[in-house]
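Visitor: Next one to model:
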Amino acid sequence: MGINKVWIDPGCISCGNCESVCPEVFEVTDECHVIADAPLNEYEEGIRVAAEECPVHVIQYEEG
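Guide: Predicted coordinates:
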């Protein structure tokens with residue numbers, strides 16, 4: 001089982017931490033978003049770290 005879905009809940013402060021940790025999955029412009037078609041299975045550790053280190057805890061992911 002791996003990560004099959006990643007999303008960002010409302011409340012993101014666009015600090016850029018997630019993009020610093022895992023730029024293959026997250027991108028911050030005016031607000032943070034998950035890159036479409038990002039290879040989530042290849043960057044599971046980065047996704048987990050980004051979610052854990054998010055200062056407002058809005059990064060969510062689903063394993064399946």
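
Visitor: Let me know the secondary structure of N4.
Guide: Under DSSP: H, G, I helix; E, B strand; the rest coil, the three-state class of N4 is strand.

Visitor: Next, the contact list for it, please.
Guide: L40, N41, E62, E63, G64 (CB atoms under 8 Å, 6 or more residues apart in numbering). In short, each C-beta sits where N, CA and C put it, glycine included.

Visitor: Please name the bridge partners of the residue nearest to the first one when sequence neighbours are not counted.
Guide: Okay, so that is L40. The shortest distance from L40 to any non-neighbouring residue, by CB to CB, 6 or more residues apart in numbering, is to I3 (4.8 Å). With DSSP bridges as the criterion, I3 is bridged to E63.

Visitor: Could you tell me how many residues sit around I3?
Guide: Look at I3: counted by other CB atoms under 10 Å, it has 19 neighbours.

Visitor: cool, G11 as well?
Guide: By other CB under 10 Å, neighbour count at G11 equals 9.

Visitor: residue contacts, it?
Guide: V56, V58.

Visitor: My impression was that it belongs to a strand - is that right?
Guide: No: counting by three-state DSSP, G11 is not found in a strand; it is coil.

Visitor: Paired strands for the helix or strand bottoming out on mean pLDDT in the chain, with orientation please.
Guide: Lowest by mean pLDDT, DSSP states H and E among the helices and strands of the chain is strand 32-34, with a mean of 90. Applying DSSP bridges to the sheet, strand 32-34 is found paired with strand 26-28 (antiparallel).

Visitor: average pLDDT for the strand it pairs with?
Guide: For strand 26-28, mean pLDDT rounds to 95.

Visitor: How about residues contacting it?
Guide: S14, C15, G16, C18, E19, C32, H33, V34, I35, A50, I59.

Visitor: For E42, give its distance to V25.
Guide: Per CB to CB, to the nearest Å, E42 is found 9 Å from V25.

Visitor: what about the two, which has more around it?
Guide: Neighbour count, other CB under 10 Å: between E42 and V25, V25 has more, with 23 against 13.

Visitor: Next up, the contacts around the more buried one.
Guide: V6, C18, V34, I35, A38, L40, Y43, G46, I47, A50.
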